[in-house]
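Visitor: Just need the structure, nothing else, for what follows:
(chains A and B)
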Amino acid sequence: MASAEEYFDRLITEELASSRFIQMNVIPNSKVQLLGGRAQKWYSLIRTIIGVADWRARQGTFDNPWSSKTSNEFAPPAFAFTPDTFDDIANSRALELIEEAKRTQRQLLVLWSGGIDSTFVLSSFIKNMLPEDRELIVVCCNFTSILENTNFYLNHISNKLECMDYQAFDLTPELLNKYIVIHGDPGDCLQGPSVPAYAHFIADGKHKQPWKNHIIDLRQSCQMHTSNPHYAEGFGEWFVDRVSENLEEVAPENVTTIADWWWWTYYNFKWEFSCQRPFFFSRRDHTTEFTKEQIADFARNTYFNTADWQMWSYTNLDNLITTDRSTHKHYARDYIFELDRNEVYYATKIKTAGAPADVNARLTTDLPFYYDQSWKGHYWSETAVEEIAMKLLERYNG
Amino acid sequence: MYGLLSFHNNCFVVVDKDYKSIKLVQHLIASQFPATCINISAYECRTKHITSENCQDYSANYQLSRHFRLDNAPHKIKDDAYIDLRHTFGLKPLNEEQSSMINNIKFLHRFLKTYISRSSLATERRNAGLQQQKQGIRELEKFLLLQTGGDEFVKTLANNECDRIDASIGVAENHQRQLYKSIINIDIKSMGIDTLISRLDFELKSIQPVLAWGLERQSKVVSNLAIHSLNDARKRING
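Guide: Below you'll find the model as predicted:
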C-alpha cells in the first residue's frame, strides 16, 4: 500500500503533467534562486521573456519541469500555404460564429478593450451581421476601452449594441452556457511579435535576415541584465538554443528570418496560453470546475484558434512586420479603417496592455499555482504541492 | 514635543514630535495603562533635550504652555502653571510589570508611528490619483452623454467605476481599523517584548483582506506595508 507521501507525489506529478496552465509567478524568487541551474533559467523564462505565465511547445521538443503537454484543442494545423486573404478569413469566421450563436441559442460576448485585436474582431461581426442579428452581440468593456477608441464606441457601439461592464464579467460555467466568449487573443501570435527584445533588430533592419546568421545577437538580446531581479547566468544562450533546436526539429520551411524566429516563439509556445487567457484573468473564483464540453467549446469558438488563421499567418510571414514597428498589425488596421474611417486611430494606435493583461493582477500571489484538466485552480499552499513542485524543478534538466 | 505622562508614576512613558502617533497609542492602551497626552513646549529642568531614551528622567519639572494638552488629568492644573511633579508628588519607582509595560508601549509607538506615516503617505498619493481618475471619468461621461444623447450604459459604467474607486479609497482605513481593534485586545502587561512582536505579527497576518473585485491587491499592499513597519521597528530595538 502506498504511503501518504507516495500518494501525493503521484497525484500531483500526474496533475502537473496534465495541467492546463502552470504559473511560476507564485513561487518566491528566493526559493528558485537556491536551486540555481536550469530551474532558475526556467523561472526567468516565465518571469521575463515575453510576459507569459505558461510555456509549452505545441510541436517539437522543449522540456518543461512538469512534463506538461499541449491540449488537443490547440493542436496546430499542418504547415501549408493558403490563398485566402485576411479579410476573407475574418468575414467567414464572423459568419461562422454568428451561426454558432444562433444554433446554440447563446449571445456572442465580445471582450472589447479598444485595442486593435479586439476592435478588429468586433468590426468583423459588425460588418457581417444582418441588422436583426445585432441582438446577438454583447460588448463587454470598461471606461478605458472607450478612452482607447472613443470614436468607435460613439459610431458603432453606443445605442446600437448591448453592453456589459467589464467589472461584471466573471468567467463561470454558467456564463459559458449563456454566452460564447469572444476575445482578441492571440492576435500578437498571428500578426507578428512585438516584444522589446526584438525591437532593435527592426530598428537595425536586421529582422529580415536569416536567424541562423544572428544566433549570438539573439542570445545577447534575450540575456537580461545582472540588475534584473530574475537574472540567471547563461539564460540568453540556453533560451535561444532551446527554441532554435525546437525550430530545427520541426523545420517549417517558411520560418527563416529573425522576425520569423520570434513569430515561432509566439506561435509554438505562447498560443495555448493566449487562447485561454480569460480562464486565468477573468475569474473571481479560481476553484470552479468546467466540463470537458465547455472547455472544448471555448477553444473551438476562440476567434483566432482556427486552421485558416494559422495557415494565413504562416503564409504571410514575410509581410507581418515591415520595416517599421508603427505598422504592426497593418492587416487588422486596414480592416478596421474600412469600417470606421478613423485616420487618427489607424495611424497612431500603439500597443498597450488592456485590463485583462494587467501585469499587477497577474503578479498577485493569491492566484493558483496550476489549473487541472477542468480548470480548477490548485494553490501553492495545498498539501505537498510545494514539496513536489520544488522537487520537479530541482530535477529539471531541460 | 508631545509626551505620554503616566500620572501613577509621574514619568513620561514615551515622547515624540508626532502628535498623531502619541495620541493613538494613548487611546489604544488607555484601559490598561492610563496616561495623559501633553504638549511639552516648555523648558525642562535640565539643559539636555528630552528624547524617547531619557524621557523617564525628565518627569520632574516642566512648564505647561498656553497650548498644552492635558486630558484625563486627575489634577486640576491651570494654564501656564509650573508643575514640579517630582517635588509635588514624588517620582514613584516603577515595578517590574510597569517597566515591562512601558517597554511594550514604547515599541507599540515605534511600530505605529512608522505604520501611520507610511500608510498616510501611500494613501495620500493614491487617493490624489484616484480623485483625478474620478474627475476624468466624470468629464468623459459628460462628453459621451452629450455625443450619444444620454447613453444609459455610459452612466452605468461611470457610476460603477467611481464606486470601485470609492471602495478602493477605504481599503487602508479598513485595515487600520481592524489593526487598532486587535491591539486594544492585547494584554500588554502579561507579555515580554518578543511575545508582543510575535502577537502583533500574528494579528497583522490575521486581518482579512478586502476581497472585492480588484481590491485584493491593494489590500495586500497595505498589509505588507504594516508587516514591514513591524519588522523595521523590531530591527531598531534589536539594533
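
Visitor: my guess is A:Leu154 contacts B:Gly149, does it?
Guide: No - the criterion here is Cβ atoms under 8 Å, and A:Leu154 misses it with B:Gly149 at 10.7 Å. (Each C-beta comes from the backbone N, C-alpha and C, glycine too.)

Visitor: what about those two, which has more around it?
Guide: Using other Cβ atoms under 10 Å in any protein chain shown as the criterion, A:Leu154 and B:Gly149 rank with A:Leu154 on top: 17 against 8.

Visitor: what's the single longest helix in the chain?
Guide: In the absence of a named chain, this looks at chain A. Secondary structure of chain A read by DSSP state H shows that its longest helix is helix A:86-103.

Visitor: not what I meant, chain B
Guide: Counting by DSSP H, the longest helix found in chain B is helix B:96-148.

Visitor: average pLDDT across that one?
Guide: What helix B:96-148 shows for mean pLDDT is 89.

Visitor: and what of stretch A:302-309?
Guide: On average, the pLDDT along stretch A:302-309 is 96.

Visitor: for that stretch, how far is the first residue from the last?
Guide: The straight-line separation of the ends of stretch A:302-309 (Cα to Cα, to the nearest Å) is 11 Å.

Visitor: what's the answer for stretch A:218-233, then?
Guide: End-to-end distance for stretch A:218-233: 16 Å, by Cα to Cα.

Visitor: Just give me the neighbour total for residue 101.
Guide: Since you didn't name a chain, this refers to chain A. Using other Cβ under 10 Å, A:Ala101 is surrounded by 22 other residues.

Visitor: other chain: chain B
Guide: Here the number of neighbours of B:Met101 (other Cβ under 10 Å) works out to 21.

Visitor: which residues touch the nearest residue in space to it that is not next to it in sequence?
Guide: Closest residue to B:Met101 apart from its sequence neighbours, by Cβ to Cβ, 6 or more residues apart in numbering or on different chains: B:Lys189 at 5.1 Å. By Cβ atoms under 8 Å, 6 or more residues apart in numbering or on different chains, B:Lys189 lies in contact with B:Gln32, B:Phe33, B:Glu97, B:Ser100, B:Met101.

Visitor: What is the neighbour count of the third one?
Guide: In other words, B:Glu97. When neighbours are defined as other Cβ under 10 Å, B:Glu97 has 10 of them.

Visitor: Just the pLDDT at the closest residue to A:Phe143 other than its chain neighbours, thanks.
Guide: Counting by Cβ to Cβ, 6+ apart, B:Glu161 is the residue found nearest to A:Phe143 once chain neighbours are left out, at 5.2 Å. Predicted confidence (pLDDT) for B:Glu161: 88.

Visitor: same deal with the one 4 residues further on?
Guide: According to the predicted model, the pLDDT of B:Ile165 comes to 84.

Visitor: My guess is it contacts B:Lys134. True?
Guide: Yes - the pair B:Ile165 and B:Lys134 qualifies as a contact (Cβ under 8 Å) at a distance of 5.3 Å.

Visitor: what about the closest residue to A:Phe337 other than its chain neighbours, distance to A:Tyr231?
Guide: Once flanking residues are discounted, A:Phe337 sits nearest to A:Tyr346: 4.6 Å by Cβ to Cβ, 6+ apart. Distance from A:Tyr346 to A:Tyr231, counting by Cβ to Cβ, to the nearest Å: 40 Å.

Visitor: One more: B:Ile22?
Guide: Distance, B:Ile22 to A:Tyr231, by Cβ to Cβ: 45 Å.

Visitor: Which one's more surrounded, these two?
Guide: Taking other Cβ under 10 Å, B:Ile22 and A:Tyr231 do not tie; B:Ile22 has more neighbours (25 against 15).

Visitor: Touching, that one and B:Leu4? I think so.
Guide: Yes - under the criterion of Cβ under 8 Å, B:Ile22 makes contact with B:Leu4 at 5.9 Å.

Visitor: Give me the common contacts of the two.
Guide: Contact with both B:Ile22 and B:Leu4 is made by residues B:Val14, B:Val15, B:Cys37, according to Cβ under 8 Å, 6+ apart.

Visitor: so how far is the helix or strand where the last one lies off the chain centroid?
Guide: For B:Cys37, the host element (DSSP states H and E) is strand B:36-39. Taking Cα atoms, centre = their mean, to the nearest Å, one finds strand B:36-39 lying 15 Å from the centre of the chain it belongs to.

Visitor: Partner strands of it, with direction?
Guide: When pairs are called by DSSP bridges, strand B:36-39 turns out to pair with strand B:2-6 (antiparallel).

Visitor: relative to helix B:96-148, how tilted is the partner strand?
Guide: For strand B:2-6 against helix B:96-148, the angle by axes from the mean of the first three to the mean of the last three Cα atoms, to 10 degrees is 140 degrees.

Visitor: residues of the helix or strand following strand B:2-6 that come out buried?
Guide: As assigned by DSSP H and E, the chain's next helix or strand after strand B:2-6 is strand B:11-16. Using 16 or more other Cβ atoms under 10 Å in any protein chain shown as the test for burial, strand B:11-16 gives B:Cys11, B:Phe12, B:Val13, B:Val14, B:Val15, B:Asp16.

Visitor: and after strand B:11-16, which helix or strand comes next?
Guide: The helix or strand immediately downstream of strand B:11-16 is helix B:19-29, counting by DSSP H and E.

Visitor: and that following helix, average pLDDT?
Guide: Averaged over helix B:19-29, pLDDT sits at 91.

Visitor: what's that helix packed up against?
Guide: Under the contact definition 3 or more Cβ pairs under 8 Å, 6 or more residues apart in numbering or on different chains; DSSP states H and E, helix B:19-29 sits against strand B:2-6, strand B:11-16, strand B:36-39, helix B:96-148, helix B:171-184.
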